[in-house]
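Asks: predicted coordinates and the sequence they were generated for:
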Amino acid sequence: MHELIVNNQIRLEKIKFSHAFQVFQAIDANREFLIPWLPFVQQTINQDDTEAFIRSIISESGDRRDEVFVIWYERRLVGLIGLKDTDYLNLKTEIGYWLVESMTGKGIMTRSVKALIEFIFNSMKMNRIQIKCGVGNYKSAAIPKRLGFVFEGVERDGEKHQNRFIDLEVYSLLKNEYR
């Protein structure tokens, strides 16, 4: 599957090397907005870092890797969404996402996550999806709440940001709970 059509404005396209420049530009232009919640932003110094990330998830040998998509809104790259730590044996995965600041509050990410949920449950045949959000990242946490995820608790010191750790809220959705 190369892309998911969310609606006439939003499209999710599987990430490829040709996206590296635009992805890096989006991160660089939104650095201050993204840094508090995304530890990779601090290490993303130039386009080479973005290319290395893309290389790490694209397999030339055809091995199963986590799916990552660029989010297009009205033909403009506005963020990324993808799977993380997919466990094919236990049929579970985690969704991660980020959006440029100017595109928040438009429902783009909620719609994108919903489309990815349908792909995960229907095409990948997974049973469990989780989303983790930094405690205090209210905009990010609103998405799993809006989509019917269950709050499971707080993963203490769940993510390292520079020289400190932040706690993560953990939300999950099971296939039999999805409407």
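Replies: Thanks, I have the structure now.

Asks: please count neighbours and contacts with C-alpha atoms only from this point.
Replies: OK.

Asks: can you name the next helix or strand after the host helix or strand of Val41?
Replies: Assigned by DSSP states H and E, Val41 belongs to helix 40-43. Later in the chain than helix 40-43, the nearest helix or strand by DSSP H and E is helix 47-57.

Asks: residues of that following helix that come out buried?
Replies: 47, 49-51, 54, 57 (16 or more other CA atoms under 10 Å).

Asks: who's in contact with that helix?
Replies: 15-17, 20-21, 23-24, 43-44, 65-68 (CA atoms under 8 Å, 6 or more residues apart in numbering).

Asks: from those, which is closest to Asp85?
Replies: Asp66 (7.0 Å; CA to CA).

Asks: what's the pLDDT at the residue nearest to that closest one when sequence neighbours are not counted?
Replies: Of all residues not flanking Asp66 in the chain, Leu83 sits nearest, at 5.2 Å (CA to CA, 6 or more residues apart in numbering). With respect to pLDDT, Leu83 scores 97.

Asks: centre of the chain to the helix or strand harbouring Leu83, how far?
Replies: Taking DSSP H and E as the definition, Leu83 sits inside strand 76-87. Centroid displacement of strand 76-87 relative to its chain, using CA atoms, centre = their mean, to the nearest Å, is 3 Å.

Asks: and the next helix or strand past that strand?
Replies: Heading C-terminal from strand 76-87 (DSSP H and E), you reach strand 92-99.

Asks: can you select the buried ones from the contacts of helix 47-57 in ChimeraX?
Replies: Command for ChimeraX that selects the buried part of these, burial taken from 16+ other CA under 10 Å:
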select :15,20,23,24,44,66,67,68
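
Asks: all strands of the protein, in order?
Replies: Listed in chain order, the strands of the chain (DSSP state E) span 3-5, 10-14, 68-73, 76-87, 92-99, 128-134, 150-161, 164-174.

Asks: tell me the strands beside the fourth one, with direction?
Replies: Just to be clear, that refers to strand 76-87. Strand 76-87 pairs in its sheet with strand 68-73 (antiparallel), strand 92-99 (antiparallel), by DSSP bridges.

Asks: also the second one?
Replies: Here the strand partners of strand 10-14, with direction, are listed using DSSP bridges: strand 3-5 (antiparallel), strand 68-73 (antiparallel).

Asks: next, format those strands as JSON lines and append distance to Ile117 and mean pLDDT.
Replies: As requested, those are exported to JSON lines (distance: least, CA to CA, whole Å; pLDDT from 0 to 100):
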{"stretch": "strand 3-5", "distance to Ile117": "11", "mean pLDDT": "94"}
{"stretch": "strand 68-73", "distance to Ile117": "13", "mean pLDDT": "97"}
